[in-house]
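Trainee: 3D model of this:
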Amino acid sequence: MSVKVVEGKADYSVLQKVKDYQMLVKFRLTATVVFSSVIAFLIASEGAINWVAVVILAAGGFLVTGAANTLNQVLEKDFDKLMKRTADRPLAAGRMKDSEAVLAAGLMSLAGILLLALFNPWTAFFGMVALLSYAFLYTPMKRISPIAVIIGAVPGALPTLIGCAAAEGTLTLLALSLFTLQFLWQFPHFWSIGWLGFEDYQKAGYKIVPTLNGKQDPSIGLQSLLYALFLVPVAFLPWYLGVSGIVSAVLVALLGLVYAGFSWNFYKKSNRKSALLLMFFSFFYIPISLIAFLADKV
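Mentor: Residues are numbered from 1 along each chain as shown. Here you go, the predicted structure:
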């Protein structure tokens, strides 16, 4: 795409600005977050589907998540410049000012929380927790300790809890079971990504991947295996609670075992191929699991 230079300043087209905002809110990642929240809402809902509520939940979730991702990039702008995969982000590349991004984050967070509050106080509360913990706890902790992964897994799992709370009006065992499922899923998912992007993370000074003698600690493969195995019993909770059937419980449990198999392979081989296999399977685990629960809903 051509970029015109006027009086020494870049004059970007509208299309480029749209692309920059897509990068700012991490559109694809945010869309997956919204998907988890909406499917959880549908699983927890009783009776006919309220599609207006679905749209409001999706919009509120998208705005809150987009705000969190925007604040993350504001805080990490100087570090994003050092990594190949993030150097072209609008703030890191200098195509957008910090003030514009902060204003956008403020407007998105305000609108998003207000939309979630239309359901009940729980959805607004958990939306705010997700926003603040991701931007102001997880983001700075990434440069301090690998414990950041545990901290980041909390806002990463809150979308399912928010979806259930929006449907049920309170905090229920179903909400906690889906939250637990998405919480545990993140560890093999993240460790495989962290392994593959280790050099980039090192350049930016991030300490989110445990190291051993200056290299990736192979024990993250073992940790991935343990977390994947924990997913197996969790798969039966929606069935135990009478929300979904035994078919989906068995299917999701089998997915957990396959996930554990890829994690074991990652632990034994600790190479790029094994990390890629684990990462790619992780992309399918959550959507297939949630859709299975919804399809098998009692």
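Trainee: Gly112 reaches Ala58, doesn't it?
Mentor: No - using C-beta atoms under 8 Å, Gly112 is not in contact with Ala58; the gap is 10.8 Å. (Each C-beta comes from the backbone N, C-alpha and C, glycine too.)
Trainee: count of neighbours near Leu15?
Mentor: Other residues within reach of Leu15 by the criterion other C-beta atoms under 10 Å amount to 9.
Trainee: next one: Arg28
Mentor: If you count neighbours by other C-beta under 10 Å, Arg28 ends up with 9.
Trainee: shouldn't it be within a helix?
Mentor: Yes - the assignment for Arg28, made by DSSP: H, G, I helix; E, B strand; the rest coil, places it in a helix.
Trainee: what sits against it?
Mentor: Applying C-beta atoms under 8 Å, 6 or more residues apart in numbering, we find Arg28 in contact with no residue.
Trainee: and it, how far is that from Phe283?
Mentor: The spacing between Arg28 and Phe283, counted by C-beta to C-beta, to the nearest Å, is 11 Å.
Trainee: quick one: the strands in this structure?
Mentor: Taking DSSP state E, the strands of the chain run over residues 4-6, 9-11, 211-212, 215-216.
Trainee: next, give phi and psi for the residue nearest to Asp217 when sequence neighbours are not counted.
Mentor: Leaving aside its chain neighbours, Asp217 sits nearest to Pro210 (4.0 Å; criterion: C-beta to C-beta, 6 or more residues apart in numbering). Backbone dihedrals for Pro210, given as degrees, to the nearest 10, come out at phi -60, psi 140.
Trainee: might you report the residue contacts of Pro210?
Mentor: Pro210 sits in contact with 146, 216-217, 219-220, where contact means C-beta under 8 Å, 6+ apart.
Trainee: cool, Leu173 as well?
Mentor: Contacts for Leu173 (C-beta under 8 Å, 6+ apart) come out as 237, 241.
Trainee: look up how far Phe125 lies from it.
Mentor: Leu173 is 18 Å from Phe125, by C-beta to C-beta.
Trainee: pLDDT weak spots in the stretch 151-298 of the chain?
Mentor: 298 (pLDDT under 70).
Trainee: for stretch 153-172, what is the distance to the chain centroid?
Mentor: 14 Å (C-alpha atoms, centre = their mean, to the nearest Å).
Trainee: repeat for stretch 48-66
Mentor: Counting by C-alpha atoms, centre = their mean, stretch 48-66 comes out at 17 Å from the chain centroid.
Trainee: and for stretch 279-289?
Mentor: Relative to its parent chain, stretch 279-289 has a centroid offset of 12 Å by C-alpha atoms, centre = their mean.
Trainee: using PDB, list the CA coordinates for that stretch.
Mentor: The C-alpha trace of stretch 279-289 is given here as PDB (Å, rounded to 0.1, in the frame of the first residue of the first chain):
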ATOM      1  CA  MET A 279       0.300 -25.200  19.500                       C
ATOM      2  CA  PHE A 280      -1.800 -26.000  16.500                       C
ATOM      3  CA  PHE A 281      -3.900 -28.600  18.400                       C
ATOM      4  CA  SER A 282      -4.400 -26.000  21.200                       C
ATOM      5  CA  PHE A 283      -6.100 -23.700  18.700                       C
ATOM      6  CA  PHE A 284      -8.900 -26.300  18.200                       C
ATOM      7  CA  TYR A 285      -9.300 -27.600  21.800                       C
ATOM      8  CA  ILE A 286     -11.400 -24.800  23.300                       C
ATOM      9  CA  PRO A 287     -13.800 -24.100  20.300                       C
ATOM     10  CA  ILE A 288     -14.400 -27.800  19.800                       C
ATOM     11  CA  SER A 289     -15.000 -28.400  23.500                       C
END
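Trainee: please identify the buried residues of it?
Mentor: Using 16 or more other C-beta atoms under 10 Å as the test for burial, stretch 279-289 gives 279, 281-282, 285-286, 289.
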